[in-house]
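Trainee: Sequence and predicted structure below; questions after.
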Amino acid sequence: MIESVEISNFKSIKKKHFHLRNLNLLFGLNGTGKSSLIQALLCLRQSRNLGNGSLSIKDGDYVTLGKAKDVFYQYSTDEYLTLNLKFSDNRQLNYEFKYLPEADYFLDKNWQGQQNVENIDFRLISQTEALFTDNFQYLSAYRARPKHIQPQNYGIVVNHRNIGNQGHYTAHFLEVYGGTAIAFDNMLHTDSNIEDQITQTTIVKRTLLDQVNFWMGEISPGVNIVVTPISSDYVLLEYQYKQRNLGYTNRFKPENVGFGITYGLPIVVALLAAKPGELIIIENPESDIHPRGQAELGKLIALAAMNDVQLIIETHSDHILNGIRVAIKENPILKDRTLLYYFDKVVTDREQYSKVTNIEIDNKGELSEYPKNLLEEWSNQLLKLL
């Protein structure tokens, strides 16, 4: 697990030490730098030549940020971008990258051409830490739009156990892993226990697909996810709904059902499919989801954080945050596993940069600070109506 990240001169982050926990929430207005922490980590992940001192910022598997001049903090008087990571086993990666304005990469200041010896620390860490291994899932804010014909990808889904950066292999993932049991008992939905009237025993429905259907029911009540392979390249994704005493409705194409179901599905799958030691990064989990569903997603996110899983969640949603706050009140163990980072912008006569405030959540769900614009917009609009 990543214990801390120190960043300087990366986009709007002038300098900040992030102490990471199991659940790390990034909150703030648009354009205040929330994505910068995530992008820095994704640059590290996609930099296959990092062992030789090259940080990739363009045409990567995760982010494309342009040239170094587009990434380097423009008001800096220094010429180095710093990224320092410390992991829970005390191993560290410490980099100072030289700023070359027109380059599409940053180069380690210790690079000495072909005579440079490969970074042994990076080679060893990249084999075990989730940020660099298959025990990683990133879901971009730009998730796949509703489509009933979904692509298959054996390499990403089967070999790397991943649903894709946009969640576009979610249907294939469910087709492959839907019948397997989820790893963590505390994430079982409250409707998981079924009483068998014949044997008079309790059956626990703990497969991934069962749990996905239970939790997706919090977003769209009664929904049932159906995946059907139709060729070696495609999977059919359909939704149907439970009807009391009548079984299920006809199957519906995702294009004919609310967008929030398709946008929420990859989030729910990624959380429920998490394995011990996994790192999950999610941008805007609330997209197109009703406030009640957002609060339930917040609860599921918090339940995942009670396990050996690390999450970095960027959100604008009060409902996601409040769902997490309620989960902490109900499960006090989460108090020391959760940290909220609130991003704001500082503008002076000479520069502007991200100001990041660490906010603790106590065992009653109360925040240690309530910065301006954190949770007050509902009240602001209500006052205008009075």
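Mentor: That came through fine.

Trainee: Chain neighbours aside, what residue packs nearest to K329?
Mentor: Spatial nearest neighbour of K329, excluding adjacent residues (C-beta to C-beta, 6 or more residues apart in numbering): G365 at 4.1 Å. Yep, even glycine has a C-beta here, placed from its N, CA and C like the rest.

Trainee: Touching, the one you found and N331? I think so.
Mentor: No. At 10.6 Å, G365 does not count as touching N331 under the criterion of C-beta atoms under 8 Å.

Trainee: picking that back up, could you say which helix or strand holds the residue nearest to K329?
Mentor: According to DSSP states H and E, G365 maps onto no helix or strand at all.

Trainee: Number of residues surrounding it?
Mentor: Number of residues near G365 (other C-beta atoms under 10 Å) recorded here: 18.

Trainee: got the contact list for it?
Mentor: Counting by C-beta atoms under 8 Å, 6 or more residues apart in numbering, G365 makes contact with R325, V326, I328, K329.

Trainee: hey, where'd the strands end up in the stretch 101-250 of the chain?
Mentor: Along the stretch 101-250 of the chain, the stretches classed as strands by DSSP state E, counting those that start in this stretch are 105-108, 136-139, 149-151, 193-196, 201-204, 223-229, 234-243, 247-248.

Trainee: and those strands as CSV, adding mean neighbour count, mean pLDDT and distance to L65?
Mentor: Converted to CSV, these look like this (neighbours: other C-beta atoms under 10 Å; pLDDT from 0 to 100; distance: least, C-beta to C-beta, whole Å):
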stretch, mean neighbour count, mean pLDDT, distance to L65
strand 105-108, 20, 91, 10
strand 136-139, 23, 98, 15
strand 149-151, 17, 96, 26
strand 193-196, 10, 80, 48
strand 201-204, 10, 83, 46
strand 223-229, 17, 96, 35
strand 234-243, 18, 95, 32
strand 247-248, 10, 88, 46
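
Trainee: quick one: which of those is nearest N213?
Mentor: strand 223-229 (5.4 Å; C-beta to C-beta).

Trainee: Show residues contacting the closest one.
Mentor: 150, 152, 171-172, 174-175, 178, 209, 212-213, 216-217, 235-242, 248, 251, 261, 265.

Trainee: these two touch, right, G31 and F343?
Mentor: No. Contact criterion C-beta under 8 Å: G31 and F343 do not qualify, at 9.3 Å.

Trainee: Tell me which of these two has more neighbours.
Mentor: Neighbours per residue (other C-beta under 10 Å) separate G31 from F343, with F343 holding more: 25 against 11.

Trainee: Sheet-wise, list the partners of the helix or strand hosting that one with their directions.
Mentor: If you go by DSSP H and E, F343 is part of strand 338-347. Paired with strand 338-347 in the same sheet, following DSSP bridges, are strand 23-28 (parallel), strand 352-359 (antiparallel).

Trainee: what's the burial count for the nearest residue to W215 once chain neighbours are set aside?
Mentor: Spatial nearest neighbour of W215, excluding adjacent residues (C-beta to C-beta, 6+ apart): V268 at 5.0 Å. Around V268 there are 26 other residues, counting by other C-beta under 10 Å.

Trainee: when you give positions from now on, start the count at 158
Mentor: Taking 158 as the first residue, the last one we looked at is V425.

Trainee: Tell me if I am right that V425 is in a helix.
Mentor: Yes. Looking at V425 with DSSP: H, G, I helix; E, B strand; the rest coil, it is inside a helix.

Trainee: I'd say it and G374 touch.
Mentor: No. In this structure, V425 is not within contact of G374 by C-beta under 8 Å, at 10.2 Å.

Trainee: Now do the contacts for K362.
Mentor: S349, N350, I351, Q368, F371.

Trainee: still on that earlier bit, now for the strands of the stretch 258-407 of the chain, which one comes closest to S511?
Mentor: strand 262-265 (19.2 Å).

Trainee: Contacts for the closest one, please.
Mentor: Residues from elsewhere that reach strand 262-265 (C-beta under 8 Å, 6+ apart): 209-215, 225, 228, 238, 252-257.

Trainee: ChimeraX command to pick out the buried ones of these?
Mentor: Buried residues among the contacts of strand 262-265 (16 or more other C-beta atoms under 10 Å), as a ChimeraX selection:
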select :209,210,211,212,213,214,215,225,228,238,252,253,254,255,256
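
Trainee: Now, the contacts of strand 262-265 that are in strands?
Mentor: Among the contacts of strand 262-265, the members found in strands (DSSP state E) are S211, L212, S213, L238, Y252, E253, F254, K255.

Trainee: ok, and the closest non-adjacent residue to the second one?
Mentor: Yep, that's L212 we're talking about. F263 (4.2 Å).

Trainee: Now do the one you found against Y510, distance only.
Mentor: As for F263, its distance to Y510 is 19 Å (criterion: C-beta to C-beta, to the nearest Å).

Trainee: Check A452 too.
Mentor: To Y510, A452 is 33 Å away according to C-beta to C-beta.

Trainee: just T356 next, same as before
Mentor: Taking C-beta to C-beta, one finds T356 at 64 Å from Y510.

Trainee: So for those two, which sits in the more crowded spot?
Mentor: Between T356 and Y510, Y510 has the larger neighbour count (other C-beta under 10 Å), namely 21 against 8.

Trainee: For the spatially closest residue to the more buried one that is not a sequence neighbour, what is the enclosing helix or strand?
Mentor: Of all residues not flanking Y510 in the chain, K171 sits nearest, at 4.0 Å (C-beta to C-beta, 6+ apart). For K171, the host element (DSSP H and E) is strand 170-176.

Trainee: Alright, calling it a day.
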